[in-house]
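Participant: Next come a sequence and a model predicted from it.
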Amino acid sequence: MPYMQMIVRIELNLQGILSDIGYMPSETMFYPSMKVREIIKMAADVRRKDCRLEAEKLCGRLQVDTNKRIRDLSLGNRKKVGIVCAMQHRPKLFVFDEPTSGLDPWMQNEFFSLVQEYVKEGATCMLSTHVLSEIKNYCKNVAIMKEGRLICVDTVESLTQTNAKRIRKDLAV
């Protein structure tokens, strides 16, 4: 097979794979002068999909003001824009890195409600977090990594059970 033909075939396959993945890094970086709606549309255009209905639903649920400029948003509101960009094309696999940092507790719950809805429809969610309560409340399986190496994979229930005994000593003052 000629070299150029092989590259085109790989690129087409890569495009298909990427259209099934929604990724949000822990720190989302956007063009500061652009409006939120422009960023969301640009993310959809990159995937060559019309995501307007899903984006509108997500913006409503997450209370995203699409008329603001990125530079005028708080960390939490930029995080919500990242969530919309990652979810609006309804991928089969979501990869979120510290998705709830910067979100208030109500928005954290709304984010996990959205994730659970997509998972019920057949999507898979990979979540990187240091918040153990999120893992305990929302995950079935856990993979523990250290320095880029997989240390352990198990169920949340199995990993949270311990045979350690708690010892309490009251000190008199």
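Facilitator: Looks like it arrived, so ask away.

Participant: how about the helices of the protein, start to end?
Facilitator: Counting by DSSP state H, one finds helices in the chain at the ranges 3-18, 36-46, 52-62, 75-87, 105-120, 132-138, 156-160.

Participant: With mean pLDDT, distance to residue 30 and mean neighbour count added, can I get those helices in JSON lines?
Facilitator: Any C-beta I mention is one placed from the backbone N, CA and C, and that applies to glycine too. As requested, the helices of the chain are arranged in JSON lines below (pLDDT from 0 to 100; distance: least, C-beta to C-beta, whole Å; neighbours: other C-beta atoms under 10 Å):
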{"stretch": "helix 3-18", "mean pLDDT": "59", "distance to residue 30": "19", "mean neighbour count": "10"}
{"stretch": "helix 36-46", "mean pLDDT": "95", "distance to residue 30": "5", "mean neighbour count": "18"}
{"stretch": "helix 52-62", "mean pLDDT": "97", "distance to residue 30": "15", "mean neighbour count": "16"}
{"stretch": "helix 75-87", "mean pLDDT": "96", "distance to residue 30": "7", "mean neighbour count": "22"}
{"stretch": "helix 105-120", "mean pLDDT": "96", "distance to residue 30": "18", "mean neighbour count": "15"}
{"stretch": "helix 132-138", "mean pLDDT": "86", "distance to residue 30": "25", "mean neighbour count": "13"}
{"stretch": "helix 156-160", "mean pLDDT": "79", "distance to residue 30": "33", "mean neighbour count": "13"}
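
Participant: Go through those and name the closest to residue 29.
Facilitator: Using C-beta to C-beta as the criterion, the shortest distance between residue 29 and these is 8.8 Å, found for helix 75-87.

Participant: which helices and strands does the closest one pack with?
Facilitator: The criterion is 3 or more C-beta pairs under 8 Å, 6 or more residues apart in numbering; DSSP states H and E, and the helices and strands that helix 75-87 contacts are strand 21-24, helix 36-46, helix 52-62, strand 93-97, helix 105-120.
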